[in-house]
Each structure stands twice: as C-alpha cells, then as structure tokens.
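Q: Sequence and predicted structure, then a few things I'm wondering about:
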Amino acid sequence: MEDFRNLVNLASERLGAAVLAANDDFFAPKESLVRDSAPVFKEGEYTDRGKWMDGWETRRRREPGYDWAILRLGLSGIVRGVVVDTTHFKGNYPESCSIEACEAPPDAGAGALEAAAWTEILPRTPLAGDRENAFPVTSTGRSTHLRLNIFPDGGVARLKAYGLVLPDWARLARESAVDLAAIENGGLVVAASDMFFGSRHNLILPGRGRGMHDGWETKRRRGPGHDWAIVKLGRPGAIRAAEVDTIHFKGNAPGSCSIDVATVSGAQEKDAAASDAAWRPLLPQTPLKPHTLHRFEGEIRDAGEATHARLNIYPDGGVSRLRLYARP
C-alpha cells in the first residue's frame, strides 16, 4: 500500500468521471483525460487542425496565462496521489502543472464550480514528456472535482487521481443490503497471491465483467496450494450473502472456492495477508462452474462482523467479480 497507485483511480471514466470544461482543446479533446485505456500513437494520422493525439492538447499560447481543465471525479474521496501522463507528448507537453480540488454537488454547473472553494493539492510542479509523472498528494479533505492547470500550454494524455473512496453512508444505510466489497462503497483489494493475467482490482468493479481481461486471473499452478485475494471492506459488517461470478472464464475457471473473513485494525492491516491472521470461515469450499454467476446465501455461515474478506480459489484460474452483501 506504499504505492498510491494501489488505491482507486477516482478519475476513471468507467467509474463515472467526466471532463466538464476546459479553456481550450484545439488539437485534442479534453474528454480523453479520463479514459481508462492506455494512450496510443497513430503514425502519420492528422486532422484538419494538426497531428492526431490521444489526450487533451491546447494550441500554442502567444499571451500570458495558462490552460486548465475541470473534471468531476467518478467517485468522491480523499486523493492520495496523481499521475499526469504525458505519454506520446514529446515536443508539445506542458512545462509544469498544478492541481486544485473542491467538494461540490455532482450536478454542479460552471457557475457553481467557479465559485467553489478550490484547494491546491499539488503546487506547480515540473513535468517530463512522454512518461507517467507520478506525484504523492497530502490532501485530507473530501474531493468531488479537480482542476488541472498546465503552464503555459500543451498536451496531457491522461490524468489519474488515486485515493480512498468516501461513500455516502447516510444514503446506503437506507438500503436493504449493501455490497461491502464494491469499489463504489469503499472496498479495496489489498493483496493477492498472483495476478499474472488479470488485476486483482477488477474483482470489485461495477457491473459484470466485459471479458477475461476484465477479471482477476492467476497463472496455472504447478505445485501445491491455491490462490487467494484479500478485500478490505468499505465498512465493517456481518456478511449474509456472496456472489462469485466466473463470466467469460470458460476453460480457466477455478474448480472451487471458499471465503474467509477477519477483523483487523491499525498496524495489523499490513499483515492481513499473513498466514497467521485470524481468519474465520464464511463460505466452505464449494464447487464453481465456468461462465456462471454463483450466489451463496444459505451456505453462508455466521462469522460475525468483519473488516476483511479472503476469496480462496482452488487451485487457480479466473474470477470476474466478487460481491459481499451485508445489512447496513
């Protein structure tokens, strides 16, 4: 967890982030800033305004000032670090940048955002071209919007803002059941035994998986043991139902799975993956089918309130999504 990029990208388009305004995007559209895909370069491709670039690019500034773009985060939370990605921008990247944050309603318009109380979370900082410029951030307040300022002009491929999700628990408390593992409810996959083919973070994304690339998949195990992934729940709770979805995993789904829970806090959190953690069985080892959404309710044991859950898969394979439901 020392690397803030293990946290949630609050500025992910998939999670609902959007670029609301920019003072200029003459060469490349502002909307590209929050795309989840890696920036690409198309050799020899031009538009009627200049070279096609995968990112946000402003015209060359001939007067004093700087350029800016305002985006709404997909999930509100505390920003712990940002990545200002200038990939493929080599002779046209900004000299430096700064970032401000504010808390405003999700539907805030241009006027409301202009009058919002913006706080600088990244002071003006030099940028390098054609690379991911990563900067830790020490903000402590809840943020819903960011303003990226670039000096004096140029192009940025992507802006990522990693941090801790802060759900609206007053609203969630009115629900009959809440998925405590969901990324939008503050869940975070903190560790996994292996993720050779697919990231552990995919396990708790919204919706069903879009393909095998959109799930958690381990390499083929040739020795004893089994694979596992540990989720820090968005809030402590007693889990009453679980879903394990193997959609798209047809020849590589696990043969079975089990789920354990634990209650850890403070310094113990760093050791949640340790073999001597006090894990309690929630779901006994149960067969899984390929390309199937499995729901477990009657099989769930009363394991009490927990802060973490561990999905064990036997012996290896791919799982698209994990859902862990509790009463608020």
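A: Ah, there it is.
Q: Just checking, which helix or strand of this protein averages the lowest pLDDT?
A: Least confident helix or strand, the chain: helix 110-114 with a mean of 86, by mean pLDDT, DSSP states H and E.
Q: and that one, what does it pack onto?
A: strand 18-22 (3 or more Cβ pairs under 8 Å, 6 or more residues apart in numbering; DSSP states H and E). C-beta here means a position set from N, CA and C on the backbone, and glycine is covered the same way.
Q: Run through who's touching the strand it packs on.
A: 30-31, 33-34, 56, 58, 67-72, 74, 110, 113, 145 (Cβ atoms under 8 Å, 6 or more residues apart in numbering).
Q: one step back: okay, buried residues for the least confident helix or strand of the chain please.
A: residue 113 (16 or more other Cβ atoms under 10 Å).
Q: out of all of them, which strand in the protein is the longest?
A: strand 67-85 (DSSP state E).
Q: residue boundaries of the helices in this protein?
A: Assigned by DSSP state H, the helices in the chain fall at 110-114, 169-172.
Q: For stretch 175-192, could you pull out the residues that count as buried?
A: So stretch 175-192, judged by 16+ other Cβ under 10 Å, has buried residues 178-192.
Q: distance between the ends of stretch 133-141?
A: 23 Å (Cα to Cα, to the nearest Å).
Q: Name the residues that touch that stretch?
A: 4-5, 78-86, 99, 101, 103, 119, 121-122, 125, 127, 163.
Q: Give me the distance between that stretch and the centre of its chain.
A: 16 Å (Cα atoms, centre = their mean, to the nearest Å).
Q: Same question for stretch 113-122.
A: With Cα atoms, centre = their mean, you get 23 Å for stretch 113-122.
Q: Stretch 290-302 too?
A: Using Cα atoms, centre = their mean, the mean C-alpha position of stretch 290-302 is found 25 Å from that of the whole chain.
Q: residue closest to the middle of the protein?
A: residue 8 (3.2 Å; Cα atoms, centre = their mean).
Q: What ranges does the stretch 151-300 of the chain have for its strands?
A: Secondary structure of the stretch 151-300 of the chain (DSSP state E, counting those that start in this stretch): strands located at 155-156, 158-165, 178-179, 188-192, 216-217, 227-237, 239-245, 256-262, 280-287, 293-296.
Q: tell me the average confidence for the third one?
A: Averaged across strand 178-179, the pLDDT comes to 98.
Q: Let me see the contact set for residue 256.
A: Residue 256 neighbours (Cβ under 8 Å, 6+ apart): 285-288, 313-314.
Q: Can you tell me which of those residues has the most neighbours?
A: Ranked by neighbour count under the definition other Cβ atoms under 10 Å, the contacts of residue 256 are headed by residue 313 with 26 neighbours.
Q: Skip the chain neighbours and tell me the closest residue to that one.
A: Leaving aside its chain neighbours, residue 313 sits nearest to residue 254 (3.7 Å; criterion: Cβ to Cβ, 6 or more residues apart in numbering).
Q: any idea how far residue 217 is from the closest residue to residue 189 other than its chain neighbours?
A: Of all residues not flanking residue 189 in the chain, residue 200 sits nearest, at 4.4 Å (Cβ to Cβ, 6+ apart). Distance of residue 200 to residue 217, computed by Cβ to Cβ, to the nearest Å: 10 Å.
Q: Give me the pLDDT for residue 267.
A: Per the predicted model, pLDDT is 54 at residue 267.
Q: Would you show me how to pick out the buried ones of the contacts of strand 18-22 in ChimeraX?
A: Of the contacts of strand 18-22, the buried ones go into a single ChimeraX selection, burial set by 16+ other Cβ under 10 Å:
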select :30,31,33,34,56,58,67,68,69,70,71,72,74,113,145
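Q: Out of the contacts of strand 18-22, the closest to residue 44 would be?
A: Set against residue 44, the nearest of those by Cβ to Cβ is residue 56 (21.4 Å).
Q: Among the contacts of stretch 133-141, the buried ones, what's the PyMOL command?
A: With 16+ other Cβ under 10 Å as the criterion, this PyMOL line picks the buried residues out of the contacts of stretch 133-141:
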select buried, resi 4+78+79+80+81+82+83+84+85+86+99+101+121+122+127+163
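Q: picking up where we left off before, which residues make contact with the least confident helix or strand of the chain from outside it?
A: 20-21, 70, 102, 104-105, 145.
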